[in-house]
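Trainee: With the input below, show me the fold.
(one chain, ligands or ions: 1)
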Amino acid sequence: MDTKKMYIVMAGLPAMGKSTIAARIKDSLLAEDTPAEIFNNGDLRRWMIQGNTTRADFYDPDNKEGAALREKIARTNLENAKTFLQEEGKIAILDATNVSRQRRLLVQDLLCDHPVLFVECVNNDQEILDASIARKATLPEFRRFSFDQALKSFQQRIAYYQKIYDPFSDERNHILVDSLNNKILKMTLGDSLPYFDQIRDIVLTTTVSNLYLVRHGQTHDNLVNRIGGDARLTPQGIDQAKSMAECFRSISTPYIFCGPKIRTIQTAQIIRKRQGLDCGVVPLPEFSEIDAGICEGMTYQEIKQDKPEIYQARIQDKYYYVYPEGEGYVSMKERINRGIKKALFLSARAEHIIIIGHQAANRMILSHFLYRREQDVPYIYVPQNRYYHIVSTQIKRLIELREPG
Ligand code: F6P
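Mentor: Residues are numbered from 1 along each chain as shown. Okay, here's the model as predicted:
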């Protein structure tokens with residue numbers, strides 16, 4: 001037995017982030033010249049079976065015909081994975097639900113030539129899960145359904161898998177992964193597994209292939225240094241958004257994330273016009289601008305004159321200062337990090353993601369990827385006519401300020 005080969009078998013309900021983790025593992029291993037391949041049951045099903053396997057009853061455990069077809073697909077993939085390891089492959093990743101004990105016994109039975117590591121994925125955040133399910137309902141697979149029908153059908157599919165979900169018990173190697181937070185919640189290792197340290201690192205690291213971080217275009221409030229509020233873009237702000245749109249024309253993104261304020265939504269919509277029809281604008285409350293509390297709608301000059309104690313205190317310690325009835329950089333951290341996780345989870349394996357934020361919000365997003373001392377974060381340069389390109393993967397880290405065009 002070649003001791004440097006292994007199988008990774010994903011497990012978990014649909015929409016739990018299994019395929020994203022599988023792809024991350026494969027990409028990172030390939031980048032280090034370790035031959036790895038994914039064997040995805042869903043892809044094989046769509047290829048092998050021409051008929052409609054999107055309808056929920058195909059997944060009903062009591063549907064004998066559906067169950068037989070699904071088992072045939074699973075066996076084919078297991079055989080393909082085995083052949084891959086018999087040849088040049090080092091790591092074969094089986095991407096399927098594998099929630100029933102019966103299916104896992106079959107997996108262990110057939111994949112007996114090398115160790116098997118089960119990677120079970122969970123995500124207990126209902127809001128993000130709902131958003132992820134809604135995204136799945138727009139996939140080409142559901143083309144023939146209305147959005148509501150697709151949603152219902154996908155939820156029913158999940159319910160069928162829930163029915164046959166057996167907890168992991170005596171599988172030799174198993175890790176339980178919180179796929180939203182990149183955490184390992186449980187770990188059982190009965191064998192010494194090749195590549196395990198590498199795989200653990202990949203699972204624990206937040207990665208992003210290409211994130212374009214844009215600040216909304218100039219607003220009428222920006223012209224007079226008025227903070228907060230919900231102003232619209234000026235003609236110059238619209239032009240700034242248009243040149244970003246031109247610049248991002250050559251990339252294709254499934255989503256443009258923004259904050260809930262008009263200025264970020266307006267900027268996102270202008271950029272979206274240059275993207276294909278499949279691109280959606282998703283406002284997330286987590287990416288809203290710092291809430292200046294009782295100073296909302298004031299200019300910096302007015303704060304200096306009318307509330308000098310606030311003005312001074314903020315200068316003393318801008319990162320830790322929290323506006324009365326509002327926020328500070330320090331208190332934005334949690335929501336911003338949550339927004340980043342949400343955006344990354346929802347964009348799944350997308351090559352490119354765009355986020356349109358604000359001055360303070362973007363400083364906090366940047367500081368998530370780029371180490372900066374806390375006291376320096378509130379002074380990071382966030383212009384309206386340029387954007388940050390962020391790459392953060394196992395093999396590459398890059399953060400640069402770029403001009404559109
Ligand atoms: O001035 C624009 C703005 O986005 C305000 O809405 C916000 O209060 C401010 O920037 C945040 O920047 P600073 O922390 O430097 O005041």
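Trainee: got the buried residues for stretch 290-307?
Mentor: Neighbour-count burial for stretch 290-307, counted by 16 or more other CB atoms under 10 Å, picks out 290-292, 295-296, 298, 303, 307. To be clear about C-beta, it is placed using only N, CA and C from the backbone, and glycine gets the same treatment.
Trainee: now stretch 263-274, how far from the chain's geometric center?
Mentor: 21 Å (CA atoms, centre = their mean, to the nearest Å).
Trainee: isn't Asp209 right up against Thr393?
Mentor: Check again: residue 209 is Ser, not Asp. Yes - between Ser209 and Thr393 there is a contact at 6.5 Å, judged by CB atoms under 8 Å.
Trainee: Filtering the buried residues of stretch 290-307 by proximity to the ligand, which remain?
Mentor: Taking CB under 6 Å from any ligand atom as the test, the ligand is in contact with 290, 292 out of those.
Trainee: Mind jotting down where the strands sit in the stretch 151-300 of the chain?
Mentor: 173-178, 183-189, 208-215, 255-258, 280-283 (DSSP state E, counting those that start in this stretch).
Trainee: want to throw those strands into CSV with mean pLDDT and distance to Val122?
Mentor: Listed next are the strands of the stretch 151-300 of the chain as CSV, based on pLDDT from 0 to 100; distance: least, CB to CB, whole Å:
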stretch, mean pLDDT, distance to Val122
strand 173-178, 97, 6
strand 183-189, 96, 7
strand 208-215, 96, 22
strand 255-258, 95, 23
strand 280-283, 92, 23
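Trainee: With mean neighbour count as extra columns, can I get those in CSV?
Mentor: Output for those, formatted as CSV (neighbours: other CB atoms under 10 Å):
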stretch, mean neighbour count
strand 173-178, 21
strand 183-189, 12
strand 208-215, 22
strand 255-258, 26
strand 280-283, 17
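Trainee: Tabulate those in CSV, adding columns for distance to Lys4.
Mentor: As requested, the strands of the stretch 151-300 of the chain are exported to CSV (distance: least, CB to CB, whole Å):
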stretch, distance to Lys4
strand 173-178, 16
strand 183-189, 17
strand 208-215, 28
strand 255-258, 39
strand 280-283, 42
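Trainee: Quick check: which of the ones you listed is nearest to the ligand?
Mentor: Checking these against the ligand by CB to the nearest ligand atom gives strand 208-215 as the closest, at 8.2 Å.
Trainee: And the ligand, is that closest one touching that?
Mentor: No - contact of strand 208-215 with the ligand is not found when judged by CB under 6 Å from any ligand atom; the minimum separation is 8.2 Å.
Trainee: Which secondary structure elements does that strand sit against?
Mentor: strand 353-357, helix 359-369, strand 387-392 (3 or more CB pairs under 8 Å, 6 or more residues apart in numbering; DSSP states H and E).
Trainee: OK, contacts around Leu176?
Mentor: By CB atoms under 8 Å, 6 or more residues apart in numbering, Leu176 lies in contact with 120, 122, 168, 184-187.
Trainee: separation between the closest residue to it other than its chain neighbours and Asn63?
Mentor: Spatial nearest neighbour of Leu176, chain neighbours left out: Lys186 (3.9 Å); criterion: CB to CB, 6 or more residues apart in numbering. Counting by CB to CB, to the nearest Å, the gap from Lys186 to Asn63 is 32 Å.
Trainee: coming back round to it: cross the buried residues of stretch 290-307 against helices and list the overlap.
Mentor: Here DSSP state H is the test, and the buried residues of stretch 290-307 give Ile303 as lying in helices.
Trainee: In the stretch 151-300 of the chain, what residue lies closest to the ligand?
Mentor: The ligand sits closest to Ile227 of the stretch 151-300 of the chain, with a gap of 3.6 Å, by CB to the nearest ligand atom.
Trainee: what's the spacing between the helix ranked longest in the chain and its chain's center?
Mentor: Criterion DSSP H: the longest helix present in the chain is helix 64-86. The chain centroid and the centroid of helix 64-86 are separated by 29 Å under CA atoms, centre = their mean.
Trainee: tell me which strands and helices that helix is in contact with?
Mentor: Using 3+ CB pairs under 8 Å, 6+ apart as the contact test, the elements touching helix 64-86 are strand 36-40, helix 41-48, strand 91-95, helix 101-110.
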